[in-house]
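A.B. asks: Give the three-dimensional model of this entry:
(one chain, ligands or ions: 4)
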Amino acid sequence: STLTTAQIREKFLHFFESKEHLRLPSHSSIAPDPTTLFTVAGMQPFKPQFMGAAAKFEEGASKRVTTAQKCIRVGDIENVGRTRRHLSLFEMMGNFSFGDYFKREAIAWAWEFLTGPQWMNMSAEQMYVTIYEDDDEAFGYWTQDIGLNPSHIHRFGADENFWPADAPAKGPNGPCGPCSEIFYDRGPKYGDDSWADYHQTRESARFLEVWNLVFPQYDRQEPQADGTPTLKDLPFKNIDTGMGLERVASVVQDVPDFYSNDVFLPLIEKIAELSERPYEGEQSVSHRVVAEHARAVSMTVADGVALSNTGRGYVIRKILRRASRHAYLLGLREPSIYKLVPLVVQSMGEAYPELKENQSRIEAALKGEEERFLRTLESGIQRLDALLNQQEKGSVLSGQDAFTLYGTYGFPIDLTREIAEEYGVSIDEAGFDKALAEDQELARAGSKYGKSELFGGADETLADVPPTEFVGYGQLEASGLVQ
Ligand code: ATP
Ligand code: MG
Ligand code: MG
Ligand code: MG
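C.D. replies: Ligands and ions are numbered 1, 2, ... in the order given. Sure, this is the predicted structure:
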């Protein structure tokens, strides 16, 4: 019998308890520090410990901690439904050392957990790792302690094997360091690309990154005037690891992706039932987006995020509207996403009791927002019908008209495209893109970290999501997503 996601979570925490780690609860999905809106990694709540505050940690200050941390990555939202290896809400399993053990143990224990017969029992031959370009110490442990074939090891620069990615050059300030990542070869049924191909493209359907071992030993500070990065040594060397729970569950359960595992399948089936549209073909992207976003929105609302027009509430509102749009594409014309909340509570409520405690509040928040969005869609459809009635068959709807519908009525471009097609009218896509780019340029102006995956703004990643409901012409909201 295969392990459930909950069993894998428990095994991980238990494994590190057996290595004298203190098990602590997940921090909220709301970030503990102002570099991000949401918690993006298991290490984030422990920045003070990495910076040297271990002594203040707790009575009996444990220098070894293990957690399951719920993470939200705004930068991964647009990947949901596309890459099948990215969720917007996922659980990062972590083990942390504050100036205690270092690389040798971190590597040995990750290996033991993944390949040990009583743990994940994954095949040692199918493991591959990456290391930071000059990290001969890590190379030594992987080849000598573990016995990994050097052909299964690749070296990359700071853009790939530093956490946060490219931290020396790009920031944010704070603890950072080189890392070593573990990949699993899911075998030929997932593609014929090779590990060498991954070296070229850094993308693969077959090689799945499952665990990142980070060696935080630097404090990144403001660069010098000429742009030279400033890396100060931390008071001691730390370990920070993140294993993707859902990714490991997919491998262990031998299912093609998250959406067929024990947590997502019931959600997918419920969506197929509500919409009477089977989970197959091109439309299946909508099932996946609805299932994934229902989880993310439920968790953040449980943590106290209120759907709103600024900051976190705005991001979550956009995520829910993206889900609503996909529910609409599946033919759902009544609020439906809130009906998935009981299933989310069922699968995650044990580990995250805040879901159980807030279930009725979550359902009400989702239902209310779905009702509002469906009304927005209806007024957009009326406006679009009026425009299209004036167009000849075979003509082109101006990019500006399409953008006005999007920007002012909050009407999604793919629906505009679909409805226009019914009238035999196409859209000036280039004109729309241009108007959108100009709008985003305005929104981006305030973002300190630009396009960075974890620390950038949400506007560009949510570009296909309407920014606002109808508030009257000329009243576009200021977005201000980035702190
Ligand atoms: P990727 O390259 O696939 O985007 P990453 O390098 O950005 O992943 P890390 O920041 O190293 O990810 O996070 C540690 C681990 O968390 C990853 O090895 C992966 O297993 C998991 N993980 C990261 N992002 C996601 C996500 N969006 N959904 C599910 N799991 C994730
Ligand atoms: Mg990533
Ligand atoms: Mg990666
Ligand atoms: Mg990584």
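
A.B. asks: where in the stretch 51-200 of the chain is pLDDT low?
C.D. replies: 54-61 (pLDDT under 70).

A.B. asks: how about the residues of it that lie near ligand 1?
C.D. replies: Contacts of the stretch 51-200 of the chain with ligand 1, taken as C-beta under 6 Å from any ligand atom, map to 73, 76, 85-87, 90, 92. Just so you know, the C-beta spots here come from the backbone N, C-alpha and C atoms, and that holds for glycine as well.

A.B. asks: make it 8 Å
C.D. replies: 71, 73, 76, 79-80, 83, 85-88, 90, 92, 163-165, 179, 181-182 (C-beta under 8 Å from any ligand atom).

A.B. asks: Helices - which of those residues land there?
C.D. replies: Counting by DSSP state H, those place none of their members in helices.

A.B. asks: Hmm, Leu22 is touching Phe46, no?
C.D. replies: No: look at Leu22 against Phe46 with C-beta atoms under 8 Å: they stay out of range, at 11.7 Å.

A.B. asks: Need the residues touching each of these two.
C.D. replies: Taking C-beta atoms under 8 Å, 6 or more residues apart in numbering as the criterion, Leu22 and Phe46 both touch Val65.

A.B. asks: between those two, who's got more neighbours?
C.D. replies: Phe46 (26 against 17; other C-beta atoms under 10 Å).

A.B. asks: check contacts around the residue lying closest to the more buried one once chain neighbours are set aside.
C.D. replies: With C-beta to C-beta, 6 or more residues apart in numbering as the criterion, Phe46 has its nearest non-adjacent residue at 5.7 Å, and that residue is Phe96. Phe96 sits next to 21, 42-43, 46, 49, 64-67, 238-241 when contact means C-beta under 8 Å, 6+ apart.

A.B. asks: could the residues you listed go into JSON lines alongside secondary structure?
C.D. replies: Conversion of the contacts of Phe96 to JSON lines gives the following (DSSP: H, G, I helix; E, B strand; the rest coil):
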{"residue": "His21", "secondary structure": "coil"}
{"residue": "Gly42", "secondary structure": "coil"}
{"residue": "Met43", "secondary structure": "coil"}
{"residue": "Phe46", "secondary structure": "helix"}
{"residue": "Gln49", "secondary structure": "helix"}
{"residue": "Arg64", "secondary structure": "strand"}
{"residue": "Val65", "secondary structure": "strand"}
{"residue": "Thr66", "secondary structure": "strand"}
{"residue": "Thr67", "secondary structure": "strand"}
{"residue": "Asn238", "secondary structure": "strand"}
{"residue": "Ile239", "secondary structure": "strand"}
{"residue": "Asp240", "secondary structure": "strand"}
{"residue": "Thr241", "secondary structure": "strand"}
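
A.B. asks: ok, the closest residue to Tyr409 other than its chain neighbours - contacts?
C.D. replies: Among residues not flanking Tyr409 along the chain, Gly380 sits closest, at 4.2 Å (C-beta to C-beta, 6+ apart). Gly380 sits next to 405, 409-411, 415, 470 when contact means C-beta under 8 Å, 6+ apart.

A.B. asks: again with Ile153
C.D. replies: Neighbouring residues of Ile153 by C-beta under 8 Å, 6+ apart: 128-131, 139, 142-143.

A.B. asks: Could you give the bridge partners of it?
C.D. replies: Val129 (DSSP bridges).

A.B. asks: ok, back up a step: looks to me like the residue nearest to Phe46 is in a strand.
C.D. replies: Yes: counting by three-state DSSP, Phe96 falls inside a strand.

A.B. asks: Next one: Glu282 relative to ligand 1, how far apart?
C.D. replies: Using C-beta to the nearest ligand atom, to the nearest Å, one gets 23 Å for the distance from Glu282 to ligand 1.

A.B. asks: what's the spacing between the residue in the stretch 201-350 of the chain positioned nearest to ligand 1 and Asn212?
C.D. replies: Closest contact between the stretch 201-350 of the chain and ligand 1, by C-beta to the nearest ligand atom, is at Gly244 (2.3 Å). Gly244 sits 9 Å away from Asn212, going by C-beta to C-beta, to the nearest Å.

A.B. asks: Against ligand 1, how distant is the residue of the chain positioned farthest from its centre?
C.D. replies: Distance from the centre of the chain peaks at Glu392, with 43.3 Å (C-alpha atoms, centre = their mean). For Glu392, the distance to ligand 1 equals 45 Å [C-beta to the nearest ligand atom].

A.B. asks: Quick one: residues contacting that residue.
C.D. replies: Counting by C-beta under 8 Å, 6+ apart, there are no residues that Glu392 touches.

A.B. asks: my hunch is that it is in a strand, does that hold up?
C.D. replies: No: according to three-state DSSP, Glu392 belongs to no strand; its state is coil.

A.B. asks: So which residues of the stretch 301-450 of the chain form helices?
C.D. replies: Taking DSSP state H, counting those that start in this stretch as the test, the helices found in the stretch 301-450 of the chain are 311-329, 341-348, 353-357, 359-389, 399-409, 413-422, 429-444.

A.B. asks: Now do the fifth one: distance to the chain's middle.
C.D. replies: Spelled out, that is helix 399-409. Here helix 399-409 shows a centroid-to-chain-centroid distance of 29 Å under the convention C-alpha atoms, centre = their mean, to the nearest Å.

A.B. asks: From the contact counts, what lies against that helix?
C.D. replies: helix 359-389, helix 413-422, helix 429-444 (3 or more C-beta pairs under 8 Å, 6 or more residues apart in numbering; DSSP states H and E).

A.B. asks: of the residues of the stretch 51-200 of the chain next to ligand 1, buried ones?
C.D. replies: 71, 73, 76, 80, 85-88, 90, 92, 163-165, 179, 181-182 (16 or more other C-beta atoms under 10 Å).

A.B. asks: and these, which two are the farthest apart?
C.D. replies: Greatest spatial distance in these: Val80 and Cys179, 24.1 Å, computed using C-beta to C-beta.

A.B. asks: and this structure, what are its domains?
C.D. replies: Domain ranges of the chain: 5-255, 264-444, per automatic domain parsing.

A.B. asks: for the shortest one, what is the average pLDDT?
C.D. replies: Throughout domain 264-444, pLDDT has a mean value of 92.
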